[in-house]
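[1] coordinates only, sequence not included:
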């Protein structure tokens with residue numbers, strides 16, 4: 001069995017372009033938990049979607065209009081939000097920004 005990776009540096013992970021203005025890189029993960037960074041240009045949209053994973057997001061830079069279920073709020077730098085399993089959610093970048101997300105369990109579709 002391979003030893004789990006317990007440390008990661010930013011340069012260890014490559015950015016992947018998801019759509020114009022949207023990028024993602026997986027920072028570190030175990031089967032039970034994953035940390036992912038998303039980059040957004042101003043106006044970029046993280047389309048409404050849902051997944052079975054619980055997600056918590058930290059706004060590392062910028063501000064976002066965040067929709068979770070029927071609720072929408074503006075979340076700025078230093079703010080956080082949590083998405084329960086199976087709830088539809090999405091974001092709009094109100095300025096250039098970055099989100100750092102944690103998922104449990106890990107998102108196998110990101111690997």
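    Arrived safely, thanks for sending. Computed from a predicted structure; not experimentally measured.
[2] who does the residue most central in space within the chain bridge with?
    Nearest residue to the geometric centre of the chain (CA atoms, centre = their mean): residue 101, 3.8 Å. Beta bridges link residue 101 to residue 36, residue 57, judged by DSSP bridges.
[3] roughly how far apart are it and residue 3?
    Going from residue 101 to residue 3 by CB to CB, to the nearest Å gives 25 Å. Glycine gets a C-beta too; all of them are placed from N, C-alpha and C.
[4] what's the answer for residue 29, then?
    Residue 29 sits 14 Å away from residue 3, taking CB to CB as the criterion.
[5] Pick out whichever of these two has more residues nearby.
    Between residue 29 and residue 3, counted using other CB atoms under 10 Å, the more crowded position is residue 29 (21 against 5).
[6] Show me the beta-bridge partners of the more buried one.
    Assigned bridge partners for residue 29, using DSSP bridges, are residue 34.
[7] My read is that it contacts residue 111, right?
    Yes - if you go by CB atoms under 8 Å, residue 29 and residue 111 touch, sitting 7.3 Å apart.
[8] could you pull out the strands for the protein?
    Along the chain, the stretches classed as strands by DSSP state E are 16-19, 22-30, 33-40, 45-49, 54-61, 63-68, 71-76, 80-83, 89-93, 97-104.
[9] Pipe the ones you listed into TSV and attach mean pLDDT per row.
    Converted to TSV, the strands of the chain look like this (pLDDT from 0 to 100):
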stretch	mean pLDDT
strand 16-19	94
strand 22-30	97
strand 33-40	98
strand 45-49	96
strand 54-61	98
strand 63-68	98
strand 71-76	98
strand 80-83	98
strand 89-93	98
strand 97-104	98
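[10] Same list (those) but as CSV, adding distance to residue 9.
    What follows is those, written out as CSV (distance: least, CB to CB, whole Å):
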stretch, distance to residue 9
strand 16-19, 18
strand 22-30, 9
strand 33-40, 13
strand 45-49, 25
strand 54-61, 16
strand 63-68, 26
strand 71-76, 27
strand 80-83, 23
strand 89-93, 25
strand 97-104, 15
